[in-house]
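J.: Build me a structure from this.
(one chain, ligands or ions: 1)
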Amino acid sequence: MAEVVILPDREAAGMLAAGAIAELVARKPDAVLGVATGSTPLPVYRALTRLRLDLSRIRAFALDEYVGLPLEHPQSYHSVIEREVTAPLGLEPAQVAVPGDGPIEAASEDYERAIAAAGGVDLQLLGIGTDGHIGFNEPGSSLASRTRIKTLTEQTRRDNARFFAAVDDVPRHCITQGLGTIREARHLVLLAFGDEKADALAAAVEGPVTASLPGSVIQLHPRVTVLVDEAAGSRLVHADYYRYVYANKPDWQRL
Ligand code: GLP
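T.: Numbering: from 1, shown residues only. You can find the predicted model right below:
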(Lines give C-alpha, C1' and ligand atoms only; values in the text may rest on other atoms or scores of the structure.)
Protein backbone atom coordinates (compact mmCIF):
# COMPACT_ATOMS: atom_id res chain seq x y z
CA MET A 1 0.00 0.00 0.00
CA ALA A 2 1.13 3.45 -0.73
CA GLU A 3 1.77 5.65 2.25
CA VAL A 4 -0.85 8.38 1.95
CA VAL A 5 -0.32 11.55 3.96
CA ILE A 6 -3.14 14.10 4.08
CA LEU A 7 -1.71 17.53 4.88
CA PRO A 8 -3.25 20.91 5.65
CA ASP A 9 -1.80 22.57 2.56
CA ARG A 10 0.62 22.24 -0.32
CA GLU A 11 3.44 24.01 1.49
CA ALA A 12 3.39 21.30 4.19
CA ALA A 13 3.50 18.65 1.46
CA GLY A 14 6.38 20.47 -0.20
CA MET A 15 8.33 20.47 3.04
CA LEU A 16 7.79 16.74 3.60
CA ALA A 17 8.90 15.87 0.08
CA ALA A 18 11.91 18.20 0.34
CA GLY A 19 12.79 16.51 3.64
CA ALA A 20 12.73 13.10 1.95
CA ILE A 21 15.04 14.43 -0.76
CA ALA A 22 17.36 15.91 1.88
CA GLU A 23 17.61 12.53 3.62
CA LEU A 24 18.28 10.80 0.34
CA VAL A 25 21.05 13.24 -0.64
CA ALA A 26 22.63 13.00 2.83
CA ARG A 27 22.80 9.22 2.36
CA LYS A 28 23.71 9.35 -1.31
CA PRO A 29 25.25 12.66 -2.45
CA ASP A 30 25.15 11.55 -6.09
CA ALA A 31 21.46 10.61 -5.96
CA VAL A 32 19.34 10.74 -9.09
CA LEU A 33 16.14 12.75 -8.79
CA GLY A 34 13.17 12.47 -11.08
CA VAL A 35 11.63 15.91 -11.45
CA ALA A 36 8.21 16.86 -12.73
CA THR A 37 6.72 19.99 -14.25
CA GLY A 38 3.30 21.53 -13.71
CA SER A 39 2.21 23.57 -10.71
CA THR A 40 2.10 20.61 -8.31
CA PRO A 41 5.83 20.13 -7.55
CA LEU A 42 6.54 23.86 -7.14
CA PRO A 43 6.19 23.81 -3.31
CA VAL A 44 8.77 20.99 -3.24
CA TYR A 45 11.27 23.04 -5.24
CA ARG A 46 10.61 26.09 -3.05
CA ALA A 47 11.17 24.09 0.16
CA LEU A 48 14.24 22.40 -1.29
CA THR A 49 15.73 25.76 -2.27
CA ARG A 50 15.27 26.97 1.32
CA LEU A 51 17.18 23.94 2.67
CA ARG A 52 20.31 25.07 0.78
CA LEU A 53 21.63 21.52 0.44
CA ASP A 54 24.83 20.63 -1.34
CA LEU A 55 23.34 19.28 -4.56
CA SER A 56 26.54 19.54 -6.57
CA ARG A 57 26.70 15.80 -7.26
CA ILE A 58 23.07 14.95 -7.90
CA ARG A 59 21.59 14.29 -11.34
CA ALA A 60 18.03 15.05 -12.32
CA PHE A 61 15.81 13.69 -15.07
CA ALA A 62 12.55 15.30 -16.10
CA LEU A 63 9.55 13.18 -16.99
CA ASP A 64 8.39 14.69 -20.22
CA GLU A 65 8.44 17.46 -22.82
CA TYR A 66 6.19 18.83 -25.54
CA VAL A 67 7.03 17.91 -29.10
CA GLY A 68 6.64 20.66 -31.66
CA LEU A 69 7.56 23.54 -29.36
CA PRO A 70 11.02 25.12 -29.73
CA LEU A 71 13.12 24.12 -26.70
CA GLU A 72 13.68 27.83 -25.94
CA HIS A 73 9.91 28.54 -25.83
CA PRO A 74 9.07 29.76 -22.28
CA GLN A 75 6.56 26.92 -21.82
CA SER A 76 8.79 24.13 -23.12
CA TYR A 77 9.65 21.82 -20.24
CA HIS A 78 13.32 22.53 -20.97
CA SER A 79 12.58 26.19 -20.08
CA VAL A 80 10.27 25.34 -17.17
CA ILE A 81 12.79 22.96 -15.58
CA GLU A 82 15.58 25.53 -16.03
CA ARG A 83 13.42 28.24 -14.39
CA GLU A 84 11.92 26.18 -11.57
CA VAL A 85 14.56 23.56 -10.79
CA THR A 86 18.00 24.14 -12.29
CA ALA A 87 18.36 27.87 -11.54
CA PRO A 88 16.79 28.08 -8.05
CA LEU A 89 18.63 24.98 -6.82
CA GLY A 90 21.90 26.25 -8.26
CA LEU A 91 22.43 23.16 -10.39
CA GLU A 92 24.68 23.07 -13.43
CA PRO A 93 22.68 22.58 -16.65
CA ALA A 94 24.67 19.40 -17.31
CA GLN A 95 23.24 17.84 -14.11
CA VAL A 96 19.68 18.07 -15.42
CA ALA A 97 18.23 16.19 -18.37
CA VAL A 98 14.91 16.78 -20.11
CA PRO A 99 13.73 14.44 -22.89
CA GLY A 100 13.47 15.62 -26.47
CA ASP A 101 17.05 16.68 -27.22
CA GLY A 102 18.48 15.91 -30.65
CA PRO A 103 16.67 14.21 -33.52
CA ILE A 104 13.22 13.17 -32.34
CA GLU A 105 13.55 9.67 -33.86
CA ALA A 106 16.38 8.84 -31.45
CA ALA A 107 15.28 10.93 -28.45
CA SER A 108 13.26 8.26 -26.65
CA GLU A 109 15.92 5.56 -26.70
CA ASP A 110 18.65 8.10 -25.92
CA TYR A 111 16.72 9.18 -22.84
CA GLU A 112 16.22 5.63 -21.59
CA ARG A 113 19.95 5.00 -22.05
CA ALA A 114 20.86 8.18 -20.15
CA ILE A 115 18.66 7.24 -17.18
CA ALA A 116 20.15 3.75 -17.10
CA ALA A 117 23.70 5.11 -17.38
CA ALA A 118 23.05 7.35 -14.36
CA GLY A 119 22.07 4.25 -12.37
CA GLY A 120 18.30 4.79 -12.46
CA VAL A 121 16.15 7.27 -10.59
CA ASP A 122 16.26 7.16 -6.78
CA LEU A 123 13.27 9.38 -6.03
CA GLN A 124 10.67 10.36 -8.60
CA LEU A 125 8.37 13.32 -8.02
CA LEU A 126 5.01 12.95 -9.76
CA GLY A 127 1.95 15.09 -10.27
CA ILE A 128 -1.26 13.71 -11.69
CA GLY A 129 -3.47 15.04 -14.48
CA THR A 130 -7.23 15.38 -14.06
CA ASP A 131 -7.57 12.43 -16.47
CA GLY A 132 -5.23 10.37 -14.29
CA HIS A 133 -2.09 10.78 -16.40
CA ILE A 134 1.36 10.74 -14.85
CA GLY A 135 4.19 12.21 -16.88
CA PHE A 136 2.28 12.55 -20.13
CA ASN A 137 1.09 8.93 -20.10
CA GLU A 138 -2.49 9.47 -21.15
CA PRO A 139 -5.29 6.95 -20.49
CA GLY A 140 -4.61 3.77 -22.47
CA SER A 141 -0.85 3.92 -21.93
CA SER A 142 0.66 0.49 -21.46
CA LEU A 143 1.63 -0.18 -17.87
CA ALA A 144 4.94 -1.46 -19.32
CA SER A 145 5.55 1.49 -21.66
CA ARG A 146 8.98 3.08 -22.09
CA THR A 147 9.93 6.62 -23.09
CA ARG A 148 8.15 7.44 -26.35
CA ILE A 149 6.17 9.99 -28.33
CA LYS A 150 2.51 10.31 -27.33
CA THR A 151 -0.50 12.31 -28.46
CA LEU A 152 -2.05 14.51 -25.78
CA THR A 153 -5.75 14.23 -24.97
CA GLU A 154 -7.92 17.27 -25.55
CA GLN A 155 -8.53 17.36 -21.78
CA THR A 156 -4.82 17.69 -21.08
CA ARG A 157 -4.46 20.34 -23.78
CA ARG A 158 -7.33 22.30 -22.23
CA ASP A 159 -5.85 21.87 -18.70
CA ASN A 160 -2.49 23.15 -19.92
CA ALA A 161 -3.94 25.98 -22.03
CA ARG A 162 -3.53 28.28 -19.01
CA PHE A 163 0.20 28.35 -19.72
CA PHE A 164 -0.37 29.46 -23.32
CA ALA A 165 -2.19 32.33 -25.03
CA ALA A 166 -4.82 29.95 -26.44
CA VAL A 167 -5.63 26.24 -26.37
CA ASP A 168 -4.64 26.04 -30.05
CA ASP A 169 -1.09 26.96 -29.05
CA VAL A 170 -0.76 23.84 -26.84
CA PRO A 171 1.20 21.20 -28.76
CA ARG A 172 -0.59 17.98 -29.71
CA HIS A 173 2.38 15.70 -29.10
CA CYS A 174 4.84 15.03 -26.35
CA ILE A 175 7.69 12.76 -25.35
CA THR A 176 7.30 11.11 -21.98
CA GLN A 177 8.93 8.50 -19.80
CA GLY A 178 6.71 5.43 -19.95
CA LEU A 179 4.87 3.88 -17.04
CA GLY A 180 7.39 1.03 -17.13
CA THR A 181 10.21 3.59 -16.93
CA ILE A 182 8.60 5.47 -14.04
CA ARG A 183 7.99 2.22 -12.16
CA GLU A 184 11.73 1.55 -12.10
CA ALA A 185 12.39 4.58 -9.91
CA ARG A 186 13.20 3.36 -6.40
CA HIS A 187 10.79 5.68 -4.58
CA LEU A 188 7.74 7.37 -6.08
CA VAL A 189 6.43 10.55 -4.45
CA LEU A 190 3.08 11.52 -5.94
CA LEU A 191 1.63 14.89 -5.00
CA ALA A 192 -1.86 16.22 -5.68
CA PHE A 193 -3.56 19.42 -4.57
CA GLY A 194 -7.02 20.86 -5.02
CA ASP A 195 -10.50 19.53 -5.54
CA GLU A 196 -9.99 19.13 -9.29
CA LYS A 197 -7.51 16.31 -8.59
CA ALA A 198 -9.67 14.46 -6.02
CA ASP A 199 -11.27 11.94 -8.41
CA ALA A 200 -8.08 11.11 -10.31
CA LEU A 201 -6.14 10.78 -7.07
CA ALA A 202 -8.69 8.47 -5.43
CA ALA A 203 -8.81 6.34 -8.57
CA ALA A 204 -5.01 6.13 -8.71
CA VAL A 205 -4.64 5.15 -5.06
CA GLU A 206 -7.75 3.03 -4.45
CA GLY A 207 -9.23 2.14 -7.82
CA PRO A 208 -8.39 -0.83 -10.03
CA VAL A 209 -4.95 -0.94 -11.62
CA THR A 210 -5.70 -0.11 -15.21
CA ALA A 211 -4.14 1.51 -18.26
CA SER A 212 -7.32 3.59 -18.38
CA LEU A 213 -6.12 5.43 -15.27
CA PRO A 214 -2.33 5.54 -15.74
CA GLY A 215 -1.64 6.87 -12.23
CA SER A 216 -2.98 3.58 -10.83
CA VAL A 217 0.34 2.02 -11.86
CA ILE A 218 1.71 3.30 -8.53
CA GLN A 219 -0.13 0.40 -6.87
CA LEU A 220 2.37 -1.99 -8.49
CA HIS A 221 5.30 -0.21 -6.87
CA PRO A 222 6.75 -1.31 -3.53
CA ARG A 223 7.60 2.18 -2.26
CA VAL A 224 5.15 4.99 -2.90
CA THR A 225 4.43 8.13 -0.90
CA VAL A 226 1.30 10.09 -1.75
CA LEU A 227 1.16 13.64 -0.39
CA VAL A 228 -2.16 15.45 -0.74
CA ASP A 229 -3.98 18.43 0.69
CA GLU A 230 -7.45 18.00 2.22
CA ALA A 231 -9.21 18.87 -1.05
CA ALA A 232 -7.29 16.41 -3.23
CA GLY A 233 -7.70 13.72 -0.55
CA SER A 234 -11.42 14.34 -0.09
CA ARG A 235 -12.59 11.33 -2.16
CA LEU A 236 -10.30 8.76 -0.56
CA VAL A 237 -12.45 6.02 0.97
CA HIS A 238 -9.78 5.03 3.49
CA ALA A 239 -8.77 8.58 4.48
CA ASP A 240 -9.36 7.90 8.19
CA TYR A 241 -7.07 4.89 8.08
CA TYR A 242 -4.30 6.87 6.32
CA ARG A 243 -4.56 9.56 9.00
CA TYR A 244 -4.42 6.91 11.71
CA VAL A 245 -1.38 5.23 10.15
CA TYR A 246 0.49 8.51 9.82
CA ALA A 247 -0.41 9.68 13.34
CA ASN A 248 0.95 6.40 14.72
CA LYS A 249 4.01 6.20 12.55
CA PRO A 250 7.00 4.91 14.46
CA ASP A 251 9.84 7.43 14.80
CA TRP A 252 12.30 5.09 13.10
CA GLN A 253 10.22 4.85 9.96
CA ARG A 254 11.06 7.38 7.28
CA LEU A 255 8.65 8.55 4.60
C1 GLP B 1 1.13 18.06 -16.91
C2 GLP B 1 2.48 17.31 -16.80
C3 GLP B 1 2.44 16.30 -15.68
C4 GLP B 1 1.78 16.96 -14.50
C5 GLP B 1 0.31 17.16 -14.77
C6 GLP B 1 -0.41 17.98 -13.72
O7 GLP B 1 0.54 17.99 -18.13
N8 GLP B 1 2.96 16.68 -17.98
O9 GLP B 1 3.75 15.83 -15.39
O10 GLP B 1 1.91 16.17 -13.36
O11 GLP B 1 0.08 17.62 -16.07
O12 GLP B 1 -0.16 19.35 -13.85
P13 GLP B 1 -0.36 20.35 -12.64
O14 GLP B 1 0.61 19.95 -11.60
O15 GLP B 1 -0.06 21.71 -13.20
O16 GLP B 1 -1.75 20.20 -12.20
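
J.: Quick one: name the residues of the stretch 101-250 of the chain near the ligand.
T.: Residues of the stretch 101-250 of the chain lying near the ligand by CB under 6 Å from any ligand atom: 127, 128, 129, 135, 136, 156, 160. The C-beta positions use only the backbone N, C-alpha and C, and glycine is treated the same way.

J.: count of neighbours near the second one?
T.: When you say that, I think you mean residue 128. Using other CB atoms under 10 Å, residue 128 has 27 other residues around it.

J.: Can you tell me the closest non-neighbouring residue to the closest residue to the ligand within the stretch 101-250 of the chain?
T.: Closest to the ligand within the stretch 101-250 of the chain is residue 127: 2.5 Å, counting by CB to the nearest ligand atom. The spatially closest residue to residue 127, leaving aside those adjacent along the chain, is residue 40, at 3.5 Å (CB to CB, 6 or more residues apart in numbering).

J.: So that neighbour versus the ligand, what's the distance?
T.: 3 Å (CB to the nearest ligand atom, to the nearest Å).

J.: dump the residue contacts of residue 28.
T.: residue 122 (CB atoms under 8 Å, 6 or more residues apart in numbering).

J.: Could you pull up phi and psi at it?
T.: phi -140, psi 90 (degrees, to the nearest 10).

J.: contacts for the helix or strand of the chain with the lowest mean pLDDT?
T.: Ranked by mean pLDDT, DSSP states H and E, the weakest helix or strand in the chain is helix 154-160, scoring a mean of 94. Helix 154-160 is contacted by residues 129, 130, 131, 133, 136, 138, 152, 167, 170, 172 when judged by CB under 8 Å, 6+ apart.

J.: Buried residues, that helix. List them.
T.: Under the neighbour-count criterion of 16 or more other CB atoms under 10 Å, helix 154-160 has 156, 157, 159, 160 buried.

J.: ok, the helix or strand following that helix: who's next to it in the sheet?
T.: Downstream of helix 154-160, the first helix or strand assigned by DSSP states H and E is strand 173-176. The sheet places strand 173-176 alongside strand 64-67 (antiparallel), strand 148-151 (antiparallel), with pairing taken from DSSP bridges.
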